[in-house]
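> I'd like to go over a predicted model; first the sequence, then the structure.
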Amino acid sequence: MRHLLDTRTLDRETALRILDVAEDMAETQSRQVKKLPTLLGKTVVNLFFEDSTRTRISFEAAAKRLSADVINFAAKGSSVSKGESLKDTAQTLQAMGADAVVVRHSASGAPQTLATSGWISAGVVNAGDGTHEHPTQALLDAFTIRKRHFGADSRGRDLSGMRIVIVGDVLHSRVARSNVWLLTTLGAHVTLVTPPTLIPQNVSLWPVTVRYDLDQALAEGPDAVMMLRIQMERMHAAFFPNEREYTRLWGLDAVRVAGLPETSIVMHPGPMNRGLEISSEAADSAASTVLEQVANGVSIRMAVLYLLLAGERNDDEGVAQ
Ligand code: CP
């Protein structure tokens, strides 16, 4: 694997390979083997131009558990505020010996530019770019669904026949996009439930069913309900006029959770707007996998860094593999 830029072009075989290596990583962690020597001598740079709690810390933990050196770069407080470009910033970090660059950026396509411009030779991992993609979030979500459903028999299995409902601000969500591509590649059926103002114009080209009525979608007994964060920072007022109405129509509360089959899980990528898209009762319910997703994120990122830096490397491969 040369880079991980999206899930849209990630094939089923590579996706399953990442999930299976993540199983191995999770197993070592559960045996209290906190640190593996696998990436000794490698340097991973976390290049974050947007805020993050889970993704940045998770990549740092993953790299350290594989014995890599980690350099954390946050745009705030750096020379980016003096106008330094993405190219100069990335080349500066490359000159300090980066073998992999994990990048989060507000511009859709920034990781792709880094990977294909020839500015740097390091492997690039997309940690979220604008409203485009967040591939490791989708991988950890797929891992969580698979683990909950198949338990110890997860290895090698896809999500054929599973029904996943993704609810909320699809328009601004890179998590939704990455999940749509990955979950459908793995054989799941995805239904998007959203206010009509928060659905992308080109959704008819996506391999999904679109609904506007949450209760109708939940009545079908999905295997997983994935709530999306309302992204106020990217929201135009016309898209989102009234928080109370949103919560009433598209929020997940304890009553809606109680109506789900016992085996259904409730997911959220975080950070959550408690009381808006999800109530505290739903977020903290027995069905919730919110913290499991965070824990699984470390295993997924260990697998991605391992495959990027220690796995078979083919420089002729497409940018997504
Ligand atoms: N899920 C996610 O990307 O969270 P952070 O923004 O905290 O990294």
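Yep, that arrived.

> Nearest residue to the middle of the chain?
With distances taken as C-alpha atoms, centre = their mean, Q137 lies nearest the centre of the chain, 1.3 Å away.

> which parts of the helix or strand where it lies are buried?
Applying DSSP states H and E as the criterion places Q137 in helix 135-150. Neighbour-count burial for helix 135-150 flags 135-149 (criterion: 16 or more other C-beta atoms under 10 Å). For glycine as for every other residue, the C-beta is placed from the backbone atoms N, C-alpha and C.

> With stretch 68-75 instead?
Buried positions in stretch 68-75, judged by neighbour count with 16+ other C-beta under 10 Å: 68-71, 73-75.

> same check, this time on stretch 98-108
Here stretch 98-108 shows 98-105 as buried, counting by 16+ other C-beta under 10 Å.

> With respect to I278, which of the residues you listed is nearest?
Using C-beta to C-beta, R104 comes nearest to I278 of the buried residues of stretch 98-108, at 23.2 Å.

> Distance of the closest one relative to P207?
26 Å (C-beta to C-beta, to the nearest Å).

> Quick check: closest non-adjacent residue to A74.
Using C-beta to C-beta, 6 or more residues apart in numbering and skipping the chain neighbours, the partner closest in space to A74 is F48 (5.3 Å).

> got a list of what that neighbour touches?
For F48, the contacting residues are 56, 72-75, 103-104, 127, by C-beta atoms under 8 Å, 6 or more residues apart in numbering.

> mind checking the backbone torsions on it?
Phi and psi for F48, reported as degrees, to the nearest 10, are phi -110, psi 110.

> Which parts of the stretch 201-321 of the chain are strands?
All strands of the stretch 201-321 of the chain, identified by DSSP state E, counting those that start in this stretch, fall at 209-211, 224-227, 265-267.

> The last one - contacts with which helices or strands?
Packed against strand 265-267 by the contact rule (3 or more C-beta pairs under 8 Å, 6 or more residues apart in numbering; DSSP states H and E) you find helix 135-150, strand 224-227, helix 290-309.

> Tabulate the strands of the stretch 201-321 of the chain (JSON lines), appending mean neighbour count, mean pLDDT and distance to the ligand.
As requested, the strands of the stretch 201-321 of the chain are exported to JSON lines (neighbours: other C-beta atoms under 10 Å; pLDDT from 0 to 100; distance: least, C-beta to the nearest ligand atom, whole Å):
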{"stretch": "strand 209-211", "mean neighbour count": "15", "mean pLDDT": "98", "distance to the ligand": "23"}
{"stretch": "strand 224-227", "mean neighbour count": "28", "mean pLDDT": "98", "distance to the ligand": "12"}
{"stretch": "strand 265-267", "mean neighbour count": "24", "mean pLDDT": "98", "distance to the ligand": "11"}
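
> want to throw the ones you listed into TSV with distance to T131?
Shown next, in TSV, are the strands of the stretch 201-321 of the chain (distance: least, C-beta to C-beta, whole Å):
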stretch	distance to T131
strand 209-211	17
strand 224-227	17
strand 265-267	20
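
> Pull up the per-residue confidence for the residue of the chain positioned farthest from its centre.
Here the chain reaches farthest from its C-alpha mean at K82, the gap being 30.5 Å by C-alpha atoms, centre = their mean. Per-residue pLDDT puts K82 at 88.

> what does S79 give?
For S79, the model assigns a pLDDT of 88.

> ditto for L291
Reported pLDDT at L291 in the predicted model: 98.

> burial of it, as a residue count?
Counted with other C-beta atoms under 10 Å, residues neighbouring L291 total 11.

> how near is R65 to E245?
Computed as C-beta to C-beta, the R65 to E245 distance reads 44 Å.
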